[in-house]
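> Next one to model:
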Amino acid sequence: MKESGVLWNAKPLATVHLIWAALACARFAPMTRGEVPLPTARQLEFMELETIQFMHFGIPTFWTPSDAFLHGANPTVGGNCQPKVTGTSNDSQTEGYWPCLNPNIFAPAHLDVEQWMEASAALGMREICLTAKHFGGFTLWPSNHTPYGVQAATQWRGGHGDVLREFADAANRWGIKICYYCNPRDDGYLAQFGNVDPAEFETRQLGMLSELMDSYGPVNRFWFDGGPAEAPPNPDARPLGTNTTVLYQKAFALIRERSPPTLISPYHGDICSSTQTLYTSSAPRPNSTDPTGCMPADEAGHFFHPNELHGITMQEGPDGNTDASPTYWFWRPWACAGNVSGCPWVGHANASRIFDGYIATVGHGGVLNMNIPPDNFGRMNTSVVSVMREAGEAINNTFHLNDAGTVSNVSGQCGPGVVTINVTGEFDYIVTMEDMRRGQRIGNYSVEFRRRGSRVWETLVPCVGHNSSAPPALGDRPDGHDPRDSHVGQMRIDTPVVPTSGPSAVDIAQVRFTCHRLIQSAQAEGQLFLRRFSVHRKRAAWEKSVLAAPSPLAAPRPPTLAQAITVSLIKRFPSWAPCSTVELSKDGAEPIANTLYLNLANTGATPLYTGKTMWGTQAPTPVITLSFELGNGTHDLTCMHPTRTDPHCPLAPGGISAASAWNIVPGISVDYTGGWHAAGSGSTDPAPVFRLKPTNTNLDILGICPHGSGPNCTGRNVTFSFSEIVAYTPVGVTQVTLKFAFFPYDDQTFYDDATFTVNITKETGSGAQGC
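Numbers count the residues shown, from 1 in each chain. Predicted structure coming up:
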């Protein structure tokens, strides 16, 4: 039977050899009888969301941490009401509240929740999970159950602000579902300052949940952090003696009674955080008051739990929260995880990385939970918004608006060629969706193709476990090392193992889906139900070959910084000239060249920046970080000066050159009008990292003139003096690394972040030849 370009159950005779090969990876389990676990209506609705946005916003957004915290092993979290994070003594940010942060530092001067919704909708987010109360206890609404919230932030709207009121109203206007992070077991302020016993603590936490459901809903979901229901004692988070299992039971019962449609996730309740596509497990029972933690996925499990997959965070790398791969939750993450070469980190993911994260999460059967926080002005950062729009358009154009062959609503017995489609063009992805209303059923599968003019079926996507094909590794979810598993579920996005697009593409006539095995509970019935089977061409603005029309929402892409500027070492006397090798004088105290200059030059015909807004008034501010790796393999400049005897070896670099329009910034906010200053600990920092940002009066920085000013100059290069730095570096090669972040191209668009390296070579001896 043929309908709309679809051949149902087409089985050419030439497939016999393929079928026998496929049986080798079927690994049939013993036939068992039982009912297929089915999702609840609310679980089905959750799976349809595809992408949801975690939004960490609260008092940690406004914290400027200590240098000790910045250079800690894994300083990645919100850091409120924890002595090991906020330090051992009071400062202006904790005064009167230490170890908690003073509520008066919370001051989103340009709070714009409408802009939040617009940006989220552009990426396709259908739910936003906002940190209404993070574990420090600061609330984004004026709660009657704690004094520690926006009502205490008297410097912002006189203590009358209410972030949640604006958030909930805007979300309802935009049709975006509301989720709140408000974990009842963690409240650092009440635990340490509330003078409450476990019973009072419990009453207050339940009261806060009631306020959210009664006044700031409808609440689609609560996100309860922390793993097992029974938590160890932690006086920083809860009074000693608090029974967290009982607290969770009461919280679940309250939610089921007060707001029955509300879901609970991701370590208990209705939805589980998992790295697998299999949804069934032995516990907990959904839509109940059972606080048991989510059990491992199991085909024999009786309960259905959709998967929430933590994808990439907008700021920094895979969401693993380890020293090697730290998780940055709040805007402007403060941590370096021991890396002194760029602190604090200020970049963010690009659209391509978000697109790949979608494939590795939504395309792995889950719902992508991606953290994209507002900045400390209360807005979504302009550059981030541009990326969200670009990624959202690519996802929509690739998987939802276009296909090169599709079929819907197929049912049949598990076996070869369950459904076959006629291919109408080149493609890059194969999408398979089960009809989850009938439960998850497919336990292993493959996809085959037939070349035009041939009757032989060849492998396009191998089944998992086939001897001839190792399963490909997934990228960036959540630790980047989860292998492809054998199930299908809500949506499976596969990449072909043969070229299906581009100059070397195979001319494919048909593609078919083969079922190798059903999960245990479905084997007795033997039926599968496919909601969709389709093939898709990648349509992304950043690809060289773009099939989709450019989005009117997407900002124009500027050239890369590597295309726009060069970074080099030069000398000034007797004339400006390149110089990367220096010769030491006879006493070894100073280089003959005396001073080297690090020069940033515009290689184009127009200034780097074409906007009208002063750089210094933008947020975030453009920044260059400079760090050094010495020839001896260390970063420590302290005692490299050959004539220093002071054990502290104070660093005293020379002043900034007259041709430069930059100031040096230690830490985050303190500006210096001249001279070099090491980030964080000033002039005695043994391994300095220089943070540079432009003055607020320079519109044409990095213009198109050679050096300094002149009659034909419309801008200036940036030139830094390295006289003392050269004196500190040892003989051999010293690498200077410059990291550029948040460089604006115009008033709305940013260059991608870039890294440059230059080498200073120092020679000594009679044969040395240098500047």
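> Could you use CA atoms for every contact and neighbour count after this?
OK.
> Can you pull the poorly scored residue ranges out of the stretch 201-350 of the chain?
311-312, 315-327, 332-347 (pLDDT under 70).
> All the strands of it, residue numbers only.
Applying DSSP state E, counting those that start in this stretch to the stretch 201-350 of the chain gives strands spanning 219-224, 263-266, 272-273, 280-281, 303-304, 307-313.
> any idea which of the ones you listed is most buried?
strand 307-313 (a mean of 28; mean count of other Cα atoms under 10 Å).
> what's the helix or strand for residue 169?
Take DSSP states H and E as the rule and residue 169 turns out to sit in helix 163-174.
> Quick one: mean pLDDT for that helix?
For helix 163-174, mean pLDDT is 96.
> and that helix, what does it pack onto?
Helix 163-174 sits against helix 113-123, strand 177-182, with contacts defined as 3 or more Cα pairs under 8 Å, 6 or more residues apart in numbering; DSSP states H and E.
> what's the angle between that helix and strand 219-224?
Angle, helix 163-174 to strand 219-224, by axes from the mean of the first three to the mean of the last three Cα atoms, to 10 degrees: 130 degrees.
> Could I get the buried residue list for helix 163-174?
163-164, 166-168, 170-171 (16 or more other Cα atoms under 10 Å).
> before we move on, the earlier item: who wins for proximity to residue 395 among the helices and strands packed on helix 163-174?
helix 113-123 (8.4 Å; Cα to Cα).
> can you give me the helices in this structure?
Taking DSSP state H as the test, the helices found in the chain are 16-23, 41-47, 67-70, 83-86, 113-123, 163-174, 188-193, 198-215, 244-258, 351-361, 382-395, 520-523, 561-564, 723-728.
> Could I get the ones you listed in CSV, plus columns for distance to residue 463?
Output for the helices of the chain, formatted as CSV (distance: least, Cα to Cα, whole Å):
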stretch, distance to residue 463
helix 16-23, 8
helix 41-47, 24
helix 67-70, 46
helix 83-86, 48
helix 113-123, 32
helix 163-174, 42
helix 188-193, 49
helix 198-215, 46
helix 244-258, 40
helix 351-361, 17
helix 382-395, 26
helix 520-523, 18
helix 561-564, 43
helix 723-728, 58
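> For residue 38, which non-adjacent residue is spatially closest?
residue 439 (4.7 Å; Cα to Cα, 6 or more residues apart in numbering).
> Could I get the contacting residues of the one you found?
Taking Cα atoms under 8 Å, 6 or more residues apart in numbering as the criterion, residue 439 is in contact with 36-39.
> How about residue 350?
Contacts of residue 350 (Cα under 8 Å, 6+ apart): residue 387.
> cool, residue 359 as well?
Neighbouring residues of residue 359 by Cα under 8 Å, 6+ apart: residue 493.
> confidence score at it?
90.
> Then the one 3 residues further on?
Among the per-residue scores, residue 362 holds a pLDDT of 93.
> cool, and residue 147?
97.
> count of residues packed around it?
Other residues near residue 147 come to 16 when the count uses other Cα atoms under 10 Å.
> same check, this time on residue 208
Residue 208 has 21 neighbouring residues, counting by other Cα under 10 Å.
> That one: what's it in contact with?
Neighbouring residues of residue 208 by Cα under 8 Å, 6+ apart: 143-145.
> same deal with residue 385?
residue 119.
> Distance of it relative to residue 391?
Distance from residue 385 to residue 391, counting by Cα to Cα, to the nearest Å: 10 Å.
> Please apply the same query to residue 93.
Taking Cα to Cα, one finds residue 93 at 37 Å from residue 391.
> of those two, who's got more company?
Of the pair residue 93 and residue 391, residue 391 is the one with more neighbours under other Cα under 10 Å, namely 27 against 20.
> Touching, that one and residue 351? I think so.
Yes - counting by Cα atoms under 8 Å, residue 351 is a contact partner of residue 391 at 4.6 Å.
> Count the residues that sit near residue 752.
Residues near residue 752, counting by other Cα under 10 Å: 22.
> Quick check: buried residues in stretch 38-55?
Across stretch 38-55, burial judged by 16+ other Cα under 10 Å covers 38-39, 43-44, 46-47, 49-55.
> first to last residue in that stretch, what's the distance?
Using Cα to Cα, the two ends of stretch 38-55 sit 31 Å apart.
> Rounded mean pLDDT for that stretch, please.
Mean predicted confidence for stretch 38-55 is 95.
> surely residue 98 meets residue 84?
No - taking contacts as Cα under 8 Å, residue 98 lies outside contact range of residue 84: 11.4 Å.
> Which of those two has more residues huddled nearby?
residue 98 (23 against 11).
> rewinding a little: which one, of the strands of the stretch 201-350 of the chain, ends up nearest to residue 425?
Nearest of those (Cα to Cα): strand 307-313, 31.0 Å.
> for the closest one, packing partners?
Strand 307-313 packs on strand 272-273, helix 351-361, strand 367-371, going by 3+ Cα pairs under 8 Å, 6+ apart.
> Quick one: residues contacting residue 527.
411-414, 441.
> at 7 Å instead, please
412-414 (Cα atoms under 7 Å, 6 or more residues apart in numbering).
> how many neighbours does residue 117 have?
Neighbour count of residue 117, defined by other Cα under 10 Å: 23.
> how about it, what does it touch?
171, 174.
> follow-up on the earlier one: can you redo the buried residues of helix 163-174 as TSV with distance to residue 308?
Below are the buried residues of helix 163-174 laid out as TSV (distance: Cα to Cα, whole Å):
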residue	distance to residue 308
163	26
164	24
166	27
167	23
168	23
170	24
171	21
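> mind checking how far residue 145 is from residue 207?
7 Å.
> now do residue 304
For residue 304, the distance to residue 207 - Cα to Cα - is 30 Å.
> Skipping its backbone neighbours, what lies nearest residue 293 in space?
Nearest one to residue 293, counting by Cα to Cα, 6+ apart, is residue 268 at 4.7 Å.
> swap that for residue 309, please
Residue 309 sits nearest to residue 368 (Cα to Cα, 6+ apart), 5.2 Å away.
> now swap in residue 240 and tell me
For residue 240, ignoring the flanking residues on the chain, the nearest one in space by Cα to Cα, 6+ apart is residue 233 at 6.1 Å.
> burial measure for that neighbour, as a count.
Residue 233: 14 neighbours (other Cα under 10 Å).
> Could you report the distance from it to residue 242?
Distance from residue 233 to residue 242, by Cα to Cα: 8 Å.
> and stretch 398-406, C-alpha only, in PDB?
The C-alpha trace of stretch 398-406 is given here as PDB (Å, rounded to 0.1, in the frame of the first residue of the first chain):
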ATOM      1  CA  THR A 398      15.600  21.700  10.700                       C
ATOM      2  CA  PHE A 399      13.300  19.500  12.700                       C
ATOM      3  CA  HIS A 400       9.800  21.100  12.700                       C
ATOM      4  CA  LEU A 401       9.300  23.100   9.500                       C
ATOM      5  CA  ASN A 402      11.100  21.000   6.900                       C
ATOM      6  CA  ASP A 403      11.700  17.400   6.000                       C
ATOM      7  CA  ALA A 404      12.900  15.300   3.100                       C
ATOM      8  CA  GLY A 405      10.400  12.500   3.700                       C
ATOM      9  CA  THR A 406       8.100  11.700   6.600                       C
END
